[in-house]
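K.L.:
Structure of the sequence below:
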Amino acid sequence: MAGLARLLSVVPLLAGIAGAAQALDLTVPGDAELTREEQSAAESYLLPTGPYADGQIPSVEVEGLVTRQAWRIEGEGLTTLKLLTPLRDQLREAGYEILFDCADRECGGFDFRFNTSVLPAPDMFVDLFDFRFLSARKTEGVAAEYVTCLVSLTGETGYLQLVTVGSGEAPTIELGEIGAVTPATPPQPVEAAELVERLLGQGHVVLSDLEFESGSAALSEGPYESLAALAAFLNANPARRIALVGHTDTVGGLDPNVALSRRRAASVLERLVSGYDVPRAQMESNGMGYLSPVAPNTTEAGREANRRVEAVLLSTE
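P.N.:
Next up, the predicted model:
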């Protein structure tokens, strides 16, 4: 294939076993590096077959050789669609049936991400608002092979998680090329008047006027137009629910940043309860640390954009 960067092969745990299925060969765009691999010869895996709903992800329990791989992909013009589409096409050509195929909100967003198996950071990152997932099955006689693909982006770097289950070998990854990239730019602040429209239209919105002291979870006194607008939206209908999600830049370690982002999100929730009379039952809070950047952390402007709290729409009914 023209333009191939290199070929990566994974040594199979069960190589040489008589009757084992052939390894799955996949081509992905860009220049990739295998950052983590875990294998178990006898393990069960809950394979998602539908979006998160009613407190759970519809799944089937499958057993066999389970291989989990995380790949970091560098390339120009990366999008989650460009990463997933060739994988989907190749699985179909290899005889796999696509069981479930979704993008971020369609999957169940925040809840899907935290209720399915994901390899830990820094090997695998998942942006809650920019990821795609599919699961597939191939049946030959009484045997079945299963594959799940999870792709996401942080800045200009792509992340791919492959999980294969069956009697065959781990997949072989072949790398291709794609076109030019548009440099990432920090998102523009959203005016309070536009906040609800953005929340309903995109499913999430940055509360851009919030102020915290450096390294602190204490929310400044305010007032904050974004919280007033958000409170009016929630108080108008008790069926509306949101998640408040904190984010940080990359200064410091992952664990303290995740803890700080969670405390900041919780601080915003408490302010909405105490200062705006929003029922606690309509909100939840969590934090991602630096795992979901919206801009490069290589500049002060990018780091400032990444230090944020977002409101994520969970339900309107």
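K.L.:
Beta-bridge partners for residue 74, please?
P.N.:
Bridge pairing for residue 74 (DSSP bridges) gives the partners residue 31, residue 157.
K.L.:
The closest residue to residue 56 other than its chain neighbours and residue 80, how far apart?
P.N.:
Once flanking residues are discounted, residue 56 sits nearest to residue 115: 7.1 Å by Cβ to Cβ, 6 or more residues apart in numbering. C-betas here are computed from N, CA, C, even on glycine. Noted for residue 115: a distance of 20 Å to residue 80, by Cβ to Cβ, to the nearest Å.
K.L.:
More neighbours: which of the two?
P.N.:
residue 80 (21 against 16; other Cβ atoms under 10 Å).
K.L.:
pretty sure residue 60 is in a strand, no?
P.N.:
Yes. According to DSSP: H, G, I helix; E, B strand; the rest coil, residue 60 belongs to a strand.
K.L.:
so where's the stretch 51-200 of the chain shaky on pLDDT?
P.N.:
Low-confidence segments of the stretch 51-200 of the chain (pLDDT under 70): 141-142, 167-192.
K.L.:
can you map out the helices along it?
P.N.:
80-93, 104-107, 109-113, 192-202 (DSSP state H, counting those that start in this stretch).
K.L.:
could those be laid out in CSV, adding distance to residue 290?
P.N.:
Conversion of the helices of the stretch 51-200 of the chain to CSV gives the following (distance: least, Cβ to Cβ, whole Å):
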stretch, distance to residue 290
helix 80-93, 19
helix 104-107, 19
helix 109-113, 16
helix 192-202, 22
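K.L.:
looking at these, which is buried most?
P.N.:
Stretch with highest mean neighbour count among these: helix 109-113 (a mean of 22; mean count of other Cβ atoms under 10 Å).
K.L.:
Ramachandran angles for the residue nearest to residue 56?
P.N.:
phi -120, psi 10 (degrees, to the nearest 10).
K.L.:
Touching, it and residue 59? I think so.
P.N.:
No. Judged on Cβ atoms under 8 Å, residue 115 makes no contact with residue 59 at a distance of 9.5 Å.
K.L.:
Tell me which residues touch the residue nearest to the spatial centre of the chain, please.
P.N.:
For the chain, the residue nearest the mean C-alpha position is residue 126 (2.7 Å; Cα atoms, centre = their mean). Residues near residue 126 by Cβ atoms under 8 Å, 6 or more residues apart in numbering: 113, 118, 150, 152, 159, 291-292.
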